[in-house]
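[1] Predicted structure and sequence below. I'll ask about it afterward.
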Amino acid sequence: MKDLDEIDEQIVHYLTDNGRDRVTDIADELKLNRVTVAQRLERLVKSGVIRKFTVELNFESLGLDVLAFVFISFKRTDSTTQEELAQIISKLDGVEEVHIIAGEFDIMAKVRAKNLRELGEKVVNKIRGYSGVENTFSHLVFKTVKE
């Protein structure tokens with residue numbers, strides 16, 4: 001981590017597993033002064049080290065039982081660039097992440113769905129229908145060990 005001292009690193013590491021904790025909980029756990037933790041958190045946010053505080057969802061309890069990584073080959077068109085295609089895909093319901101990648105494929109999307117039928121609809125009827133998509137290759141996830 002750039003320009004972070006040991007205390008900043010402790011705070012950031014703590015927050016990766018305990019993002020909802022209050023400043024006093026963080027200070028108690030790390031044996032630091034509450035004001036020190038609050039000031040450092042504010043600085044970490046302002047400097048962009050911490051971009052946002054968020055929640056970790058239980059997707060199974062939301063009925064989103066299927067997770068897949070969809071790899072997409074891009075074919076340049078006059079109307080769409082690779083980055084524009086990635087942006088379009090990122091707006092599709094159920095798409096959690098989109099990355100422009102190197103290798104055999106050009107774009108990778110992390111996609112959640114209720115079931116295989118819904119995943120198929122997203123891939124076949126949505127993603128494959130976008131201008132610039134040459135082909136797709138989907139990998140289903142059996143179990144997530146770490147996210």
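    Nice, thanks for sending it over. These figures come from a predicted structure and were not determined experimentally.
[2] Name the SS class of the residue nearest the centre of the chain, please.
    The chain has Glu97 as the residue nearest its centroid, 4.6 Å off, counting by C-alpha atoms, centre = their mean. Glu97 falls in the strand class when you classify it by DSSP: H, G, I helix; E, B strand; the rest coil.
[3] So for stretch 68-86, what gets flagged as buried?
    Burial within stretch 68-86, assessed by neighbour count using 16 or more other C-beta atoms under 10 Å, is assigned to Ala68, Val70, Phe71, Ile72, Phe74, Thr80, Leu85, Ala86. Yep, even glycine has a C-beta here, placed from its N, CA and C like the rest.
[4] Looking at pLDDT only, which of the residues you listed scores worst?
    The lowest pLDDT within these belongs to Thr80, which sits at 91.
[5] pretty sure that residue is touching Val133, no?
    No - here Thr80 does not reach Val133: they are 9.1 Å apart, not a contact under C-beta atoms under 8 Å.
[6] Give me the phi and psi for Leu140.
    phi -80, psi 150 (degrees, to the nearest 10).
[7] Walk me through the domains of this structure.
    Here the domain parsing of the chain from automatic domain parsing is 6-46, 66-140.
[8] quick one on the thing from earlier: farthest pair in the buried residues of stretch 68-86?
    Distance extremes for the buried residues of stretch 68-86: the farthest pair is Ala68 and Thr80 at 22.9 Å, using C-beta to C-beta.
[9] among the domains of the chain, which is nearest Phe53?
    Distances from Phe53 to each of the domains of the chain were compared by C-beta to C-beta, and the smallest falls on domain 6-46, at 5.6 Å.
[10] about what we covered before: tell me which of the buried residues of stretch 68-86 fall in helices.
    Assigned to helices by DSSP state H, the following of those qualify: Leu85, Ala86.
[11] Columns distance to Glu29 on top of the buried residues of stretch 68-86, output as a markdown table?
    Output for those, formatted as a markdown table (distance: C-beta to C-beta, whole Å):
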| residue | distance to Glu29 |
| --- | --- |
| Ala68 | 37 |
| Val70 | 39 |
| Phe71 | 40 |
| Ile72 | 42 |
| Phe74 | 46 |
| Thr80 | 48 |
| Leu85 | 44 |
| Ala86 | 39 |
